[in-house]
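# Requesting a structural model of the entry that follows:
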Amino acid sequence: MLASHTVMTVKRKIVTKDRVKKMPKTNIVYLVIDNRTRFELGYIFNVLQSGQLADDSRWPREILPGSKEIIQLCEKDGTLNVSGCSGFVNYSLDDELLTIAFENPSIGKNKLTANKSRAGQGGVDVWETMDDYGYQDHLVKFHSRENSFLITTNCTGSSQNQATVVIEQIQQTIDRNSWRAAQSTVSDWLRKRLPAFSCTRAQHE
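Residues are numbered from 1 along each chain as shown. Next comes the predicted model:
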């Protein structure tokens, strides 16, 4: 009799655990990272202040040039949906740290941003200053040593936050020596032509 009671108790616990795992999620972030650059994004680490990855989701170890990845996050299993989902992930972009921060709280506005984290911050500074930006496109210029990028973020205001991050390369940065050489060339060109321009103008007057 005792053995039979023990088996029933164990079965009851297993059923309860399965129910917790399969509870429907109410705060979901669909994080879309669209890499339109010629550089690979390399995963570094993530920090979740609240929430978790969905059962079938993962952080991509790399996001190849011209590719798009979708990561799904939600509130933790077994919680009463008090804290929702909030955190950030760090990827390397052209040897710089790119932080993508997101939030879908149970109370309050959804938020999303992406930017370069300051030295020693590890992404916390970007997470602390993110906003909803009126649920409109928010543009950030991101500079590496030799290149510049435009990052466009946009999130939606429902319990299912469609958080989209588009990364585009806008130009290659000219190094200082090349810039000085270009300035010198332009200055020489102007010095040679300004006197002739002044004489021509005087004759017409």
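# Just confirm residue 41 contacts residue 59, I think it does.
No. Between residue 41 and residue 59 there is no contact under Cβ atoms under 8 Å: 10.9 Å. In short, each C-beta sits where N, CA and C put it, glycine included.
# Comparing these two, which residue is more hemmed in?
Set residue 41 next to residue 59 and count neighbours by other Cβ atoms under 10 Å: residue 41 wins out with 23 against 15.
# does that one have beta-bridge partners, and which?
Listed by DSSP bridges, the beta-bridge partners for residue 41 are residue 63.
# check contacts around it.
By Cβ atoms under 8 Å, 6 or more residues apart in numbering, the residues touching residue 41 are 33, 35, 62-63, 91-93, 98, 167.
# Mind giving me the ChimeraX command for buried ones among those residues?
Only the buried entries of these go into this ChimeraX selection, using 16 or more other Cβ atoms under 10 Å:
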select :33,35,63,91,93,98,167
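# So which bits of the longest strand seen in the chain are buried?
Looking across the chain with DSSP state E, the single longest strand is strand 160-172. Buried residues in strand 160-172, counted by 16+ other Cβ under 10 Å: 161-167, 169.
# Domain-wise, how is this structure divided?
Residue ranges for the domains of the chain, per automatic domain parsing: 25-173, 176-205.
# any chance of the ones you listed in JSON lines, with mean pLDDT too?
Below are the domains of the chain laid out as JSON lines (pLDDT from 0 to 100):
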{"stretch": "domain 25-173", "mean pLDDT": "92"}
{"stretch": "domain 176-205", "mean pLDDT": "59"}
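# Just say which of the ones you listed is most tucked in.
domain 25-173 (a mean of 17; mean count of other Cβ atoms under 10 Å).
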